[in-house]
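S.K.: Here's my sequence, what's the structure:
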Amino acid sequence: MNKEHKNKWTCQECEIRNPKVGNTNTQDLQHDSNIVTADDNCDEAINVTLRSKNRSPSKRDTTTAEFSDRCGHLSVKDQASEVIKELRPSMFKGILKSKLATIKHDLQELTNTVSFLSGQYDDMNQPIVKLTTDNNTLKADNSKLKATIVDVTERLNNVIKKILTLHIYMLRTMITYD
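M.R.: This is a model prediction of the structure:
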């Protein structure tokens, strides 16, 4: 079927609506209606489409869509699609509301849990901060005490040296007097 014949073709339902004009469009009964030969050049013979039982759905969808648009009525598939499109919002509205309500509830519980855990973290973090500051203070005090011990040790060593020196001096003095 060439492009011109495709554009002129109308489905049977639309053809029935057209007024009848006599028997000029009837087929010759001597020919088998299922056989179309290449020698037949009449419009009716070219306009006949032979289909095998196993045909691909993509061809069928394409031709149905082409002719349903031109004829002014919708195919069953298109009508079913329209009904589904109309029912889809009302059908899924309740399901979506219930699912969204569940998700909202779960999200609220998650928010509450995160808030609770954040509060617990803050409560645990306060003593840790206090202990850290106390530890730093103790480290500073310890460093001061170490410096003081070093200073006192040096002084003590100096005093011991002086005492020993004095003691040695006294011993020498005693030995010289004896």
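S.K.: In CSV, could you pull the C-alpha coordinates for stretch 95-114?
M.R.: Extracted in CSV, the C-alpha atoms of stretch 95-114 (Å, rounded to 0.1, in the frame of the first residue of the first chain):
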residue,chain,number,x,y,z
ILE,A,95,-2.8,4.5,48.3
LEU,A,96,-0.5,7.4,48.0
LYS,A,97,-2.0,9.2,51.0
SER,A,98,-1.7,6.2,53.2
LYS,A,99,1.9,5.5,52.0
LEU,A,100,2.9,9.2,52.4
ALA,A,101,1.3,9.3,55.9
THR,A,102,3.4,6.3,56.9
ILE,A,103,6.5,7.9,55.5
LYS,A,104,5.6,11.2,57.3
HIS,A,105,5.1,9.3,60.6
ASP,A,106,8.4,7.4,60.1
LEU,A,107,10.2,10.7,59.3
GLN,A,108,8.8,12.3,62.4
GLU,A,109,10.0,9.4,64.6
LEU,A,110,13.4,9.7,63.0
THR,A,111,13.5,13.4,63.7
ASN,A,112,12.5,12.7,67.4
THR,A,113,15.2,10.0,67.7
VAL,A,114,17.9,12.3,66.2
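S.K.: ok, longest helix in the chain?
M.R.: helix 76-177 (DSSP state H).
S.K.: Quick one: mean pLDDT over that helix.
M.R.: The pLDDT scores in helix 76-177 average 89.
S.K.: So which other helices or strands are in contact with it?
M.R.: Under the contact definition 3 or more C-beta pairs under 8 Å, 6 or more residues apart in numbering; DSSP states H and E, helix 76-177 sits against helix 57-71. Backbone N, C-alpha and C define where each C-beta goes, glycine included.
S.K.: go with 6 Å
M.R.: Helix 76-177 is packed against no helix or strand, with contacts defined by 3 or more C-beta pairs under 6 Å, 6 or more residues apart in numbering; DSSP states H and E.
S.K.: Helix, strand or coil: sort out Thr10 for me.
M.R.: Here Thr10 takes the coil state, with states given by DSSP: H, G, I helix; E, B strand; the rest coil.
S.K.: That one: neighbouring residues, count only.
M.R.: Other residues within reach of Thr10, judged by other C-beta atoms under 10 Å, total 15.
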